[in-house]
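S.K.: Mind folding the following:
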Amino acid sequence: VSGPFAPADFPEAMRKNLPKPPTGHYYFYLMGKYEVTNFQWKAVMEGYCPSDGALAADDSMPKTGLSWFDALEFSQKYTEWLLVNKPEALPRFAGDGKNVGFLRLPTEPEWEYAARGAQAVPRASLRESDFFPIPDGENKASYAVFREENRVQETPLPIGSRLPNPAGLHD
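M.R.: Got it, this is the predicted structure:
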């Protein structure tokens with residue numbers, strides 16, 4: 001969700017998690033703290049929701065094998081679902097009943113800023129070669145799922161299996 005919103009434009013539940021900006025409008029964009037799961041994909045794209053609440057073994061795994069177009073379609077369908085079923089979950093410009101925030105894919109600079117720790121790290125660390133300062137005793141594998149140089153096959157892991165970065169984003 002992105003736009004030149006003021007904090008008052010966000011639903012109350014979101015406001016408590018926003019950084020405290022000075023007065024005025026700021027450009028906010030919000031990202032999900034986890035990857036989209038197989039279960040979320042099925043729910044949005046296929047209308048699948050088990051009536052008994054039973055989840056499949058791979059439901060908590062990140063959805064993989066998607067093209068940019070697939071991800072774009074997901075964000076559009078999820079926005080449409082929210083507008084019908086949970087419109088209060090999206091930000092709206094104060095005094096404007098017509099325009100509303102929507103979900104979209106982040107731009108490359110937005111993604112990198114978020115991955116580096118966003119507003120939760122000192123500005124100077126955003127220009128460093130490492131994404132953010134890693135505490136003693138931890139390493140990159142504590143924060144990210146990635147293929148080591150000597151591994152032949154990459155295997156996804158369940159979402160939330162790694163520590164969050166300073167901005168609270170996982171994996």
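
S.K.: Pull up the gap between the residue nearest the centre of the chain and Asp136, please.
M.R.: Closest to where the C-alpha atoms of the chain average out (C-alpha atoms, centre = their mean) is Gly32, at 2.1 Å. When distance is defined by C-beta to C-beta, to the nearest Å, Gly32 is 29 Å away from Asp136. C-betas here are computed from N, CA, C, even on glycine.

S.K.: just Asn99 next, same as before
M.R.: Asn99 sits 47 Å away from Asp136 when distances are taken as C-beta to C-beta.

S.K.: With Ala94 instead?
M.R.: Ala94 is 45 Å from Asp136, where distance means C-beta to C-beta.

S.K.: The two - which one has more neighbours?
M.R.: Ala94 (9 against 5; other C-beta atoms under 10 Å).

S.K.: Could you report the separation of the residue nearest to the centre of the chain from Met61?
M.R.: Per C-beta to C-beta, Gly32 is found 15 Å from Met61.

S.K.: Output the below-cut-off pLDDT ranges for this protein.
M.R.: Scanning the chain for pLDDT under 70 picks out the ranges 1-4, 19-27, 150-154.

S.K.: helix, strand or coil for the residue nearest to the centre of the chain?
M.R.: Following DSSP: H, G, I helix; E, B strand; the rest coil, Gly32 is assigned to coil.

S.K.: can you tell me how far Ser161 sits from Tyr34?
M.R.: In terms of C-beta to C-beta, Ser161 sits 10 Å off from Tyr34.

S.K.: the longest helix in this protein is where?
M.R.: Longest helix in the chain by number of residues (criterion: DSSP state H): helix 68-85.

S.K.: Export that helix to PDB, keeping only CA atoms.
M.R.: Extracted C-alpha coordinates of helix 68-85, given in PDB (Å, rounded to 0.1, in the frame of the first residue of the first chain):
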ATOM      1  CA  TRP A  68       6.100 -10.700 -12.300                       C
ATOM      2  CA  PHE A  69       2.700 -10.800 -14.000                       C
ATOM      3  CA  ASP A  70       1.400 -13.500 -11.600                       C
ATOM      4  CA  ALA A  71       2.400 -11.400  -8.600                       C
ATOM      5  CA  LEU A  72       0.800  -8.300 -10.200                       C
ATOM      6  CA  GLU A  73      -2.500 -10.200 -10.700                       C
ATOM      7  CA  PHE A  74      -2.300 -11.400  -7.100                       C
ATOM      8  CA  SER A  75      -2.000  -7.900  -5.800                       C
ATOM      9  CA  GLN A  76      -4.900  -6.700  -8.000                       C
ATOM     10  CA  LYS A  77      -7.200  -9.600  -6.900                       C
ATOM     11  CA  TYR A  78      -6.300  -9.100  -3.200                       C
ATOM     12  CA  THR A  79      -7.100  -5.400  -3.500                       C
ATOM     13  CA  GLU A  80     -10.500  -6.200  -5.100                       C
ATOM     14  CA  TRP A  81     -11.200  -8.700  -2.300                       C
ATOM     15  CA  LEU A  82     -10.300  -6.100   0.400                       C
ATOM     16  CA  LEU A  83     -12.500  -3.400  -1.200                       C
ATOM     17  CA  VAL A  84     -15.500  -5.800  -1.000                       C
ATOM     18  CA  ASN A  85     -14.900  -7.700   2.200                       C
END
